[in-house]
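Enquirer: quick check, what structure comes out for this input:
(one chain, ligands or ions: 1)
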Amino acid sequence: MKTALRQSLGVLRRAGALVGMVATVVSTLGVVTAAAAEEAVPTFTKDVAPIFQAKCEACHRPDSIAPMSLVTYQDSRPWARSIKDRVTTRQMPPWHLDRTVGIQDFQNDRSLTDEQIDTIARWVDGGAPRGNPEDMPAAVAWPDESIWNFAEQFDGPPDLILESTPFTMGAEASDAWWKPRVATGLTTERWARAIEIRPGTVAGRKITHHAIARLVQDETDPALAAANQANAADGVDRSRTAGTFMEWAVGKQGEIMRPGTGKLMLPASEIQWDIHYSSAGEEVTDTVQLGVYLYPEDQAPKHRQVLHLMGTGGVDIAPNTVATTQGFFPLQRAARIESFQPHMHLRGKAMSIEAIQPDGRRQVLSHVGDFNFNWHNSYVFSDDAAPLLPKGTLIKVTAWHDNTAANRSNPDPNVWVGYGDRTVDEMAHAWVNVTYFEEDDYKAEVAKREAAQAETRGGGE
Ligand code: HEC
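Expert: Below you'll find the predicted structure:
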């Protein structure tokens with residue numbers, strides 16, 4: 001009976017029947033059961049709006065980067081088919097991590113749960129009904145864009161505000177990558193404890209797809225300088241890329257370092273910008289601002305965090321093939337891996353990061369299975385999951401490039417592709433945030449983690 005009911009409800013849903021009709025059929029059958037309630041078509045106001053508020057509005061609201069707003073029913077209804085398509089394939093929200101491989105606890109996870117996807121899909125299949133207006137949750141009060149996100153927490157605006165040079169994006173121009181370099185103006189060593197990036201104006205938010213700010217400086221720590229040269233054999237000079245700073249994309253609040261850690265900025269350092277602009281149907285001129293909150297000069301944090309480039313500059317991709325490229329990065333000291341951000345261009349398909357410990361133990365930390373060049377996500381591990389690894393661990397980065405016609409972003413599957421800056425050339429590295437520890441501090445961190453895990457296990461029984 002239950003199955004027959006489900007089937008008839010399924011048929012009705014496919015026919016785009018309204019909730020009311022379903023209820024009528026159910027009551028004429030005389031079987032208003034739990035199964036019927038479970039199968040009721042979700043409505044926008046009750047079931048879907050809360051999901052959009054939590055997972056979509058950060059970008060899909062007026063004056064933001066996404067092409068349409070998903071704030072009201074009227075805004076959302078015309079997009080129902082496209083929404084179902086994008087969420088069931090997990091292209092939206094942009095979070096392209098393989099959910100079956102490696103660590104799954106992230107600080108910035110914006111993906112949908114299986115239940116949320118199911119709710120959205122059933123809402124669309126059921127004719128995308130509005131529902132009772134009284135069920136609509138209160139509108140989200142989005143923060144005033146003119147105030148720095150962490151200003152309240154740190155009692156004022158950032159200590160250092162650095163700006164990219166202005167760029168003008170034409171109304172219909174194709175995507176542009178803007179890479180100016182600006183001086184930080186620092187004359188002494190300073191430690192960053194939080195970082196925010198934002199477009200300079202409201203109009204700028206519509207064209208700023210993402211922005212990366214790299215800290216360029218002469219590394220004074222010999223072990224870290226050596227780490228940055230670990231791949232020097234590939235002929236790419238990374239001697240001054242010691243301290244990449246932060247990547248930003250819409251919807252990201254900024255980054256606060258974990259307690260006791262900071263990023264060291266050296267005198268005469270510079271910020272290398274890498275900004276992806278896309279057109280918004282009107283000409284816009286804007287800058288991007290980097291706000292840095294510094295530790296007071298007499299309060300240096302104990303542990304240094306460095307964003308490393310891991311992987312390789314050597315790619316060799318034959319026409320009409322899927323190529324695999326591997327790169328290795330030895331950890332010069334014990335460390336905690338904080339985050340992972342794959343970097344490839346149009347032919348990028350997937351990237352994994354694996355830890356090979358000195359005793360031979362291997363662990364795949366993360367795998368981005370569905371890389372999309374439009375989205376430079378940084379996957380930030382949660383406090384309890386960020387891997388702790390001993391000195392001498394080898395980080396192995398594996399990149400897959402799809403240079404076949406099956407890759408819809410591929411501009412030409414019939415050409416050989418090598419390393420290079422242009423988007424038609426390729427890259428195969430990851431940006432990985434690493435916090436280094438002295439041996440004793442590392443042992444203490446491991447002991448703390450083991451105790452916490454033992455407690456969780458105990459609590460679960
Ligand atoms: C981090 C910002 C961001 C978040 C979060 C986000 N989107 Fe998007 N979305 C975009 C941008 C930018 C585009 C256009 C570029 C692209 O397709 O990648 C887009 C495109 C889309 C499209 C395709 C529109 C078309 O032209 O057909 C759909 C549908 C969509 N998003 C739905 C959603 C839904 C539903 C959610 C939440 C569950 C969501 N998005 C979350 C930024 C975002």
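
Enquirer: tell me which parts of the chain are close to the ligand?
Expert: 55-56, 58-60, 65-67, 70, 79, 82-83, 86-87, 92-94, 110, 112, 249-251, 374 (CB under 6 Å from any ligand atom). From N, CA and C alone the C-beta is placed, and that goes for glycine too.

Enquirer: ok, of those residues, which come out buried?
Expert: For the residues of the chain next to the ligand, a neighbour count by 16 or more other CB atoms under 10 Å gives the buried set as 55-56, 58-60, 65-66, 70, 79, 83, 87, 92-94, 110, 112, 249-251.

Enquirer: among those, which ones are in helices?
Expert: Of those, the ones assigned to helices by DSSP state H are 55, 83, 87.

Enquirer: the first one contacts residue 93, doesn't it?
Expert: Yes - taking CB atoms under 8 Å as the definition, residue 55 is a contact partner of residue 93 at 5.3 Å.

Enquirer: give me the common contacts of the two.
Expert: Residues touching both residue 55 and residue 93 (CB atoms under 8 Å, 6 or more residues apart in numbering) are 110, 111, 112.

Enquirer: element containing residue 328, please.
Expert: Using DSSP states H and E, residue 328 maps to strand 322-330.

Enquirer: show me what that strand is packed up against.
Expert: strand 303-312, strand 316-317, strand 394-402, strand 428-437 (3 or more CB pairs under 8 Å, 6 or more residues apart in numbering; DSSP states H and E).

Enquirer: any chance of TSV for these, columns mean pLDDT?
Expert: Below are the helices and strands packed on strand 322-330 laid out as TSV (pLDDT from 0 to 100):
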stretch	mean pLDDT
strand 303-312	86
strand 316-317	95
strand 394-402	97
strand 428-437	91
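
Enquirer: residue 101: which of the ones you listed is closest?
Expert: Smallest distance to residue 101 across the helices and strands packed on strand 322-330 (CB to CB): 11.9 Å, for strand 394-402.

Enquirer: partner strands of the closest one, parallel or antiparallel?
Expert: With DSSP bridges as the test, strand 394-402 is paired with strand 322-330 (antiparallel), strand 348-356 (antiparallel).

Enquirer: just after that strand, pick out the following helix or strand.
Expert: According to DSSP H and E, the helix or strand after strand 394-402 is strand 417-418.

Enquirer: partners of that following strand in the sheet?
Expert: Short version: by DSSP bridges, strand 417-418 pairs with strand 316-317 (antiparallel).

Enquirer: distance from the chain centre to the strand it pairs with, please.
Expert: 27 Å (CA atoms, centre = their mean, to the nearest Å).

Enquirer: kindly report the same for stretch 49-66.
Expert: 16 Å.

Enquirer: quick one: average pLDDT of it?
Expert: Taken as a whole, stretch 49-66 has a mean pLDDT of 90.

Enquirer: what's the domain layout of this protein?
Expert: Under the assignment automatic domain parsing, the domains of the chain span 41-135, 160-445.

Enquirer: name the SS class of whatever residue of the stretch 301-450 of the chain ends up closest to the ligand, please.
Expert: For the stretch 301-450 of the chain, the residue closest to the ligand is residue 374, as judged by CB to the nearest ligand atom, at 4.8 Å. Assigned with DSSP: H, G, I helix; E, B strand; the rest coil, residue 374 falls in the coil class.

Enquirer: from residue 367, how far off is it?
Expert: 19 Å (CB to CB, to the nearest Å).

Enquirer: show me the contacts for residue 80.
Expert: By CB under 8 Å, 6+ apart, the neighbours of residue 80 are 123, 124, 128.

Enquirer: actually residue 325, sorry about that
Expert: Neighbours of residue 325 in contact, by CB under 8 Å, 6+ apart: 311, 312, 314, 315, 316, 398, 399, 400, 401, 428.

Enquirer: what about the nearest residue to the second one once chain neighbours are set aside, how many residues close to it?
Expert: Leaving out its chain neighbours, the residue that sits closest to residue 312 by CB to CB, 6 or more residues apart in numbering is residue 327, at 3.3 Å. The criterion is other CB atoms under 10 Å. On that basis, residue 327 has 22 neighbouring residues.

Enquirer: who does residue 327 bridge with?
Expert: residue 397.

Enquirer: is it true that it touches residue 315?
Expert: No - Residue 327 sits out of contact with residue 315 when judged by CB under 8 Å, with a separation of 9.7 Å.

Enquirer: where along the stretch 151-300 of the chain do the strands fall?
Expert: 160-163, 167-169, 176-178, 181-183, 190-199, 208-216, 243-249, 255-256, 261-265, 270-277, 284-286, 288-294 (DSSP state E, counting those that start in this stretch).

Enquirer: where among those strands is the average confidence lowest?
Expert: strand 243-249 (a mean of 59).

Enquirer: run through the residues that contact residue 353.
Expert: 310, 340, 364, 365, 366, 367, 395, 396, 397, 398, 430, 432.

Enquirer: gap between it and residue 342?
Expert: 8 Å.

Enquirer: who touches both of the two?
Expert: residue 430.

Enquirer: picking that back up, highest mean neighbour count out of the helices and strands packed on strand 322-330?
Expert: strand 428-437 (a mean of 25; mean count of other CB atoms under 10 Å).

Enquirer: neighbouring strands - and their directions - for it?
Expert: Strand 428-437 has these strand partners (DSSP bridges): strand 303-312 (antiparallel), strand 334-343 (antiparallel).

Enquirer: so after that strand, what's the next helix or strand?
Expert: helix 439-460.

Enquirer: and residue 137, how many neighbours?
Expert: For residue 137, using other CB under 10 Å, the count is 12.

Enquirer: contacts only, for it.
Expert: So, once contact is read as CB under 8 Å, 6+ apart, residue 137 ends up touching 45, 49, 50, 53.

Enquirer: tell me the buried residues within these.
Expert: 45, 49, 53.

Enquirer: now do the SS call for the second one.
Expert: Using three-state DSSP, the three-state assignment for residue 49 comes out as helix.

Enquirer: what pLDDT is listed against the residue positioned nearest the centre of the chain?
Expert: Closest residue to the average C-alpha location of the chain: residue 377 at 2.7 Å, with CA atoms, centre = their mean. On the pLDDT scale, residue 377 is placed at 84.
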